[in-house]
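>>> I would like the atomic coordinates for the input below:
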Amino acid sequence: LAAVRSFLTFAYLPGDETLLRDVHEVLPGRVVRLSASGAVTERVYWEPRERVADLEPADPSEYVLALRAALEEATARRLPAGEAVGVLLSGGIDSSLVTALAAKAHDQPVHTYSISFGDELPHELGYSGLVAAHCHTRHRVLTVSGDAVAARLADAAALLDSPVGDPLTVPNLMLAEAVAGDGLRVVLNGEGGDPVFGGPKNLPML
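Numbers count the residues shown, from 1 in each chain. Below you'll find the model as predicted:
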């Protein structure tokens, strides 16, 4: 019941909580080993550490340049050699940035994918279309009805190893299927930008 309360508060389960009693999630940066004797050991192989002492430039704009270099390197490292790449492009800052960096760094076609729930609902298709046109991507808009999402809800929930309350879980599955149908093996997205940079989507939870 404590985990249910956490899920209803945060829309996901933080830490090692799961909805099953005595079942825990292995946290990032950990390895859990089960020996033949039944003993369970956990080892931490990576933990983020603060590097404030290393990053004290005289000019704050150096932070901007360092961040840009890190984002460019992170994107370039994930581009498949000799293959086209896909980007899930919502039109927001995160996915637009990833699209621009991928288009700049990749020597193969960049395919972008946006989702629409119909003209009567709010959307960012105008922004995603502008980004796609500016970056010369092969752009595709997937239109998904509420009925289609409802029909796939059970399938999507069954694929999750831990429940997630994000309403885009089912549409994201359908986007992934569209990407796979186009034969792309690698797809990038801008997920995580709001939590990392303290964006507005996190304010209600905070």
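>>> output the contacting helices and strands for the particular helix or strand that has G129 in it.
Assigned by DSSP states H and E, G129 belongs to helix 125-135. Applying 3 or more C-beta pairs under 8 Å, 6 or more residues apart in numbering; DSSP states H and E, one finds that helix 125-135 makes contact with helix 93-105, strand 110-116, strand 138-143. C-beta coordinates here come from the backbone N, C-alpha and C atoms, glycine included.
>>> what's next to that helix, contact-wise?
Residues from elsewhere that reach helix 125-135 (C-beta atoms under 8 Å, 6 or more residues apart in numbering): 89-92, 95-96, 99-100, 103, 110, 112, 114, 116, 137, 139, 141.
>>> likewise stretch 177-197?
75, 78-80, 83-88, 90, 92-98, 102, 111, 113, 140, 142, 176, 199-202.
>>> residues touching L89, list them.
Counting by C-beta under 8 Å, 6+ apart, L89 has contacts 95-96, 99, 112-114, 128, 131-132, 137, 139.
>>> go on, H106?
Going by C-beta under 8 Å, 6+ apart, the list of residues near H106 reads 79, 85.
>>> mind checking pLDDT for it?
According to the prediction, H106 has pLDDT 97.
>>> before we move on, back to that, most neighbours among the contacts of helix 125-135, which one is it?
Greatest neighbour count in those, by other C-beta atoms under 10 Å, goes to L89: 32 neighbours.
>>> check it and give its pLDDT.
92.
>>> tell me the mean pLDDT for stretch 133-144?
Here the average pLDDT along stretch 133-144 is 95.
>>> now swap in stretch 1-11 and tell me
Here the average pLDDT along stretch 1-11 is 89.
>>> who's in contact with that stretch?
13-14, 17-19, 163-166, 205.
>>> and those, which is the shakiest by pLDDT?
M205 (56).
>>> may I have the secondary structure class of the residue of the chain positioned farthest from its centre?
Of all residues in the chain, S37 has its C-alpha farthest from the mean position, at 38.8 Å, by C-alpha atoms, centre = their mean. Three-state assignment for S37 (DSSP: H, G, I helix; E, B strand; the rest coil): coil.
>>> show the pLDDT at it.
95.
>>> now the helices and strands packed on helix 125-135 in JSON lines, with distance to V32?
Output for those, formatted as JSON lines (distance: least, C-beta to C-beta, whole Å):
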{"stretch": "helix 93-105", "distance to V32": "32"}
{"stretch": "strand 110-116", "distance to V32": "36"}
{"stretch": "strand 138-143", "distance to V32": "38"}
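>>> can you list the domains in the chain?
2-44, 81-202 (automatic domain parsing).
>>> nearest to P60, out of the ones you listed?
Smallest distance to P60 across the domains of the chain (C-beta to C-beta): 15.7 Å, for domain 81-202.
>>> how far away is G38 from V23?
17 Å (C-beta to C-beta, to the nearest Å).
>>> before we move on, the earlier item: among the domains of the chain, which is nearest V64?
domain 81-202 (12.6 Å).
>>> distance between the closest one and the chain's centre?
9 Å (C-alpha atoms, centre = their mean, to the nearest Å).
>>> what does stretch 13-21 give?
Worked out by C-alpha atoms, centre = their mean, stretch 13-21 lies 21 Å from the chain centre.
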